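*Asks:* Got a predicted structure here, sequence first:
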Amino acid sequence: MISGEIKSQIDKIWDAFWSGGISNPLEVIEQITYLLFLRRLDDLHTLEENKANRLKRPMERRIFPEGIFPEGLDIKKRDYDDLRWSRFKHFAAPEMFAVVNNHVFPFLRSLGGDDSTYAHHMKDARFTIPTPALLSKVVDLLDGVPMEDRDTKGDLYEYMLGKIASAGQNGQFRTPRHIIRLMVELTAPSPGDVICDPASGTCGYLVAANEYLRSHHPEILRDAKLKEHFHHQMFHGFDFDNTMLRIGSMNMLLHGVENPDVRYKDSLAEEHSGDEESYTLVLANPPFAGSLDYENTAKDLQAIVKTKKTELLFLALFLRLLKPGGRAAVIVPDGVLFGSSKAHKELRRLLVEEQKLDAVISLPGGVFKPYAGVSTAILLFTKTNSGGTDFVWFYDVDADGLSLDDKRAPLLSEDKLGAVPTAQLTAEEHTKNNLPDVLSRWRSRNTTERERSRTAQSFCVPKVDIASQGYDLSLNRYKEVVHEEVEHLAPKDILANLARLEVEIQQGMKELKEMLG
């Protein structure tokens, strides 16, 4: 957790942008991302310098070259050292602005030749801070934010990303962090996994998987082979918005992943032969925009399910990307569970009969408020290509710890929120946050959960029952509701009571009249 003081510093930076004329929250965070990247480049260069000085030998890797720009590249020759954060932060505002605008950003764009994902996404970096005063103020404020500790850096960036969500329409890019954490806990990533989010946005799922692995498998950072895999082969994210790619890459960098594969890809529109059966775990909440034209949709996805619906095409994509034995936790709109079209039914049949459908977790309608009130569910399945579904586990989530209105205010103290709270919940508190119970019961899905009745909050349904219902996966299709027996008086007794009451009322009014004379 970051302190209130650091939050206050970030709020000041944000306010400075708004009062300085940049009101688009995505643009604000993009400019902050560039500046944080510049600060990191300077830190890396300083580390290399110190190492070279200690060992008394030349620097192995220079980020900022020696000497000046080649003749003709810039009007004003400038020493590369002036492009470093530690140097230009001391310049007067007009000079700092000129250096950053005319020298630093062209240098940033030239880094695209580097093979790191961050450098690649900087090749079209645009400097849009409008005034020297605003740049000077933001650099000064950012310089005061501690960036030494990985947890602080990660939490700090997450806090800024939260401001995108709270600023309006751009919230579509963010799945609530506690829902992401639940999905990661349910799939329990392991050190050998190759993880993919084909609609990665700010890389929230990949960041959460990284945090889970660091916490549960610390050996990944001690073993040379595992560490290499962790930093270079484990994490993969696709998006077709370059701003999101930059922000997602920086999010991964600040959470301590050196070189994730975060790249431009229109997941539904391109063939996936290079990525087919490449991943062992898919975590995603893809955008469900509606329909695409057949000619704009990847033919390999149409081969799995003939449809224009993006929510079905994404499910087909997940099956295409997973290796046999690979698993997925993905969010789908409720329509996927009970839609009656041929494509809907076929895709559900595929999941139940040809793959292994593990669970359907129904989420309450307000989880994505204030941006959408649509009801959704988490699907968990394993790719087998040979079936394997015996029972499907259902859980009906009523509460996720936050109010289900547009405010999404916490209903419990912070230590009792999320899927893995630090404090134990009472039975009454469970009614406000079901997520720890989801996780606990998921782990018992093959044992005690099989014996629970369908009147409970979670229960298992055998495959044969699902097949007999046309592969309908909506929880209400299988949940049994217990109606309380209420005894009612016979109609003639009710009428007799009414007549008696009428007589009493008339008698009372008569007595009152007499009293008043």
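*Replies:* Sure thing, it's come through.

*Asks:* okay, CA-based contacts and neighbour counts for the rest of this
*Replies:* Noted.

*Asks:* Give me the residues contacting whatever helix or strand Phe318 lives in.
*Replies:* Following DSSP states H and E, one finds Phe318 within helix 310-321. With contact meaning C-alpha atoms under 8 Å, 6 or more residues apart in numbering, helix 310-321 is reached by 267-268, 272, 275-279, 282, 286-292, 301-302, 304-305, 307, 328, 332-333, 336, 343-344, 347, 383.

*Asks:* In it, which residues are buried?
*Replies:* 310-321 (16 or more other C-alpha atoms under 10 Å).

*Asks:* Which single one of these is nearest to Glu504?
*Replies:* Glu311 (65.2 Å; C-alpha to C-alpha).

*Asks:* so where's this protein uncertain?
*Replies:* Along the chain, segments meeting pLDDT under 70 span 1-2, 67-77, 112-116, 165-174, 289-296, 483-486, 517.

*Asks:* Select the longest helix from it.
*Replies:* Longest among the helix segments of the chain by residue count, using DSSP state H, is helix 25-55.

*Asks:* before we move on, the earlier item: narrow the contacts of helix 310-321 to those in helices?
*Replies:* Counting by DSSP H, the contacts of helix 310-321 place 301-302, 304, 336, 343-344, 347 in helices.

*Asks:* Met122: which of those residues is nearest?
*Replies:* Using C-alpha to C-alpha, Leu301 comes nearest to Met122 of these, at 31.5 Å.

*Asks:* what about that closest one, how many neighbours?
*Replies:* Neighbours of Leu301 under the rule other C-alpha atoms under 10 Å: 24.

*Asks:* likewise Ala399?
*Replies:* Neighbours of Ala399 (other C-alpha under 10 Å): 20.

*Asks:* Surely it and Gly365 touch.
*Replies:* No. At 9.9 Å, Ala399 does not count as touching Gly365 under the criterion of C-alpha atoms under 8 Å.

*Asks:* State the distance from Ile6 to Lys299.
*Replies:* Taking C-alpha to C-alpha, to the nearest Å as the measure, Ile6 falls 49 Å from Lys299.

*Asks:* and what of Leu186?
*Replies:* Distance of Leu186 to Lys299, given as C-alpha to C-alpha: 32 Å.

*Asks:* show me where the stretch 401-517 of the chain has helices.
*Replies:* Taking DSSP state H, counting those that start in this stretch as the test, the helices found in the stretch 401-517 of the chain are 427-430, 435-442, 463-468, 475-478, 491-516.

*Asks:* Please work out which of those helices is packed deepest.
*Replies:* Across those, averaging neighbours per residue (mean count of other C-alpha atoms under 10 Å) puts helix 435-442 on top, at a mean of 19.

*Asks:* List the contacts of that one.
*Replies:* 182, 185-186, 393, 395, 397, 399-401, 418-421, 430, 449, 458.

*Asks:* now with 10 Å?
*Replies:* Contact partners of helix 435-442, identified using C-alpha atoms under 10 Å, 6 or more residues apart in numbering, comprise 178-179, 181-183, 185-186, 358-359, 361, 393-401, 416-421, 424-425, 430, 443, 447-449, 457-459.

*Asks:* Can you give me the neighbour number for Phe381?
*Replies:* Number of residues near Phe381 (other C-alpha under 10 Å) recorded here: 25.

*Asks:* and it, what are its bridge partners?
*Replies:* Per DSSP bridges, the residues bridged to Phe381 are Ala328, Leu357.

*Asks:* so how far is Ile63 from it?
*Replies:* 45 Å.

*Asks:* How about Lys12?
*Replies:* Taking C-alpha to C-alpha, one finds Lys12 at 31 Å from Ile63.

*Asks:* And Val397, by the same measure?
*Replies:* For Val397, the distance to Ile63 equals 50 Å [C-alpha to C-alpha].

*Asks:* hang on, the earlier thing: which members of the contacts of helix 435-442 are classed as buried?
*Replies:* The neighbour count (16+ other C-alpha under 10 Å) marks 178-179, 181-183, 185-186, 358-359, 361, 393-401, 416-420, 425, 430, 449, 457-459 as buried among the contacts of helix 435-442.

*Asks:* Which ones among the residues you listed map onto strands?
*Replies:* 358-359, 361, 393-396, 458-459 (DSSP state E).

*Asks:* Might you report the residue contacts of Asn476?
*Replies:* Asn476 sits next to 362, 394, 396 when contact means C-alpha under 10 Å, 6+ apart.

*Asks:* Leaving out chain neighbours, which residue sits closest to the first one?
*Replies:* Going back to what we said before, that points to Ser362. Ala377 (4.4 Å; C-alpha to C-alpha, 6 or more residues apart in numbering).

*Asks:* Number of residues surrounding that neighbour?
*Replies:* Ala377: 25 neighbours (other C-alpha under 10 Å).

*Asks:* same deal with Asp275?
*Replies:* What Asp275 shows, counting by other C-alpha under 10 Å, is a neighbour count of 12.

*Asks:* Give the closest residue to it in space, chain neighbours not counted.
*Replies:* Once flanking residues are discounted, Asp275 sits nearest to Leu321: 6.0 Å by C-alpha to C-alpha, 6+ apart.
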